[in-house]
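Colleague: Curious how this folds, go ahead:
(one chain, ligands or ions: 1)
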Amino acid sequence: MAMTKSDKIWMNGDWVAWDDAKIHVLSHVAHYGSSVFEGIRCYATRNGPAIFRLDDHIKRLFNSAKIYRMEIPFDREQLTKACVDAVAINALEECYIRPLVYRGYAHVGVNPIGTPIDVAIAAYPWGKYLGEDALTKGVAVKVGSWARIAPNTLPSLSKAGGNYLNSQLLKLEAIEDGYAEAIALDVNGYVSEGSGENLFAVVNGEILTPPSHASILLGITRDTVFTLAQDLGIKVREAILPREILYIADELFFSGTAVEVTPVTSVDRIKVGNGERGPVTRAIQDAFFAAVRGESADRHGWLAHVPRRAKAAVGAAAR
Ligand code: PMP
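Modeller: Sure, this is the predicted structure:
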């Protein structure tokens, strides 16, 4: 899965050529996982590229940093603008945006006090996370043997680099065992989330999803699903889910910036429903793609359009 490079990456306020966007090997982050980050998608719409729920992602980035006492040396407006500019300067239409805040190079040692807080924002083309077919055909998943991070160990509401060591254990196990993804249980044995996505179950026409105290990241796509379901008149609520709900639910689906809305069609080789994408999942998917592509009215103010004029201006300044 080679990356498609773009031109420039924003680093601490400067535009740096992709191949030069480097950090020192003794940076704190490389040793102790001390970063917080975001994953954001920008979609092509009739009115040019539009970044989905950018304000909410930037808000979460600052909250993630706050939990770890990381003082970001830029304000929300500056980082929001840098994300928009990153799409424009690289002349991208559809892309992924990755803001990263990390403890940089000062000294080696766990104590983070005195390390600089560095910020980088990259934007680059990116396709479907679980493959082209996943959205229509769904994915086969397993329940991972690793539990999700416990609430009194690592805070799941912070989207921190270190949390993704747990995600990597889950993902590696899933791939090794021939599955697309793993679902983690929390330390109490209840359903938590996927390695990088939230999970929803459709039971008796109602949509259920684990609450914030089930060691999940509060996904922005998850929140989007809540709103879209309400708009469609489908009941949605948080609920503690025992593992076996995964086997007897009528439908299951993942939500996340990377997976978008992806049906889960089997768990541990047990078919979910009839093993195909279900009607509720389909309805949520349709509403989701209409929203992100600007095909439905932006009633919730979710789209941040990348101004065409800014594109020309930023492009000119960079030359
Ligand atoms: N859970 C985890 C662990 C994640 O990494 C992600 C992706 N950021 C999500 C859930 C989904 O969050 P979002 O919808 O904001 O992308």
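Colleague: Mind telling me which residue of the stretch 51-200 of the chain is nearest the ligand?
Modeller: Here the residue of the stretch 51-200 of the chain nearest the ligand is Gly196; by C-beta to the nearest ligand atom that distance is 3.8 Å. C-betas here are computed from N, CA, C, even on glycine.
Colleague: Val110: what's its closest spatial neighbour, skipping adjacent residues?
Modeller: Tyr32 (6.0 Å; C-beta to C-beta, 6 or more residues apart in numbering).
Colleague: ah, wrong one, I meant Tyr124
Modeller: Ser6 (4.4 Å).
Colleague: again, but for Thr257
Modeller: Thr257 sits nearest to Gly39 (C-beta to C-beta, 6+ apart), 4.7 Å away.
Colleague: Next, find the distance separating the one you found from Thr136.
Modeller: Distance, Gly39 to Thr136, using C-beta to C-beta, to the nearest Å: 23 Å.
Colleague: When these two are compared, which one has more neighbours?
Modeller: Set side by side, Gly39 and Thr136 show more neighbours around Gly39, with 17 against 12, by other C-beta atoms under 10 Å.
Colleague: Am I right that the more buried one is in contact with Leu100?
Modeller: No: between Gly39 and Leu100 there is no contact under C-beta atoms under 8 Å: 10.1 Å.
Colleague: Find residues that contact each of those two.
Modeller: When C-beta atoms under 8 Å, 6 or more residues apart in numbering defines a contact, no residue borders Gly39 and Leu100 alike.
Colleague: still on that earlier bit, secondary structure element holding the residue of the stretch 51-200 of the chain closest to the ligand?
Modeller: Per DSSP states H and E: Gly196 is located in neither a helix nor a strand.
Colleague: what do you get for Ile97?
Modeller: strand 95-103.
Colleague: what comes up buried for that strand?
Modeller: By neighbour count with 16 or more other C-beta atoms under 10 Å, strand 95-103 contains the buried residues 95-103.
Colleague: ditto for stretch 12-28
Modeller: 15, 27-28.
Colleague: May I have the residues that are in contact with the spatially most central residue of the chain?
Modeller: Among the residues of the chain, the one closest to the centroid is Thr257, at 4.1 Å (C-alpha atoms, centre = their mean). For Thr257, the contacting residues are 39-41, 52, 96, 219-221, by C-beta under 8 Å, 6+ apart.
Colleague: So, low pLDDT: which residues of the protein?
Modeller: Along the chain, segments meeting pLDDT under 70 span 1, 309-319.
Colleague: the helices in it, which residues?
Modeller: Taking DSSP state H as the criterion, the chain carries its helices at 28-32, 54-67, 76-89, 134-137, 163-176, 220-232, 245-248, 279-292, 308-318.
Colleague: now the third one: how far from the chain's centre is it?
Modeller: Here the centre of mass of C-alpha atoms in helix 76-89, compared against the chain's by C-alpha atoms, centre = their mean, to the nearest Å, lies 18 Å away.
Colleague: List the buried residues for it?
Modeller: Neighbour-count burial for helix 76-89 flags 79-80, 82-89 (criterion: 16+ other C-beta under 10 Å).
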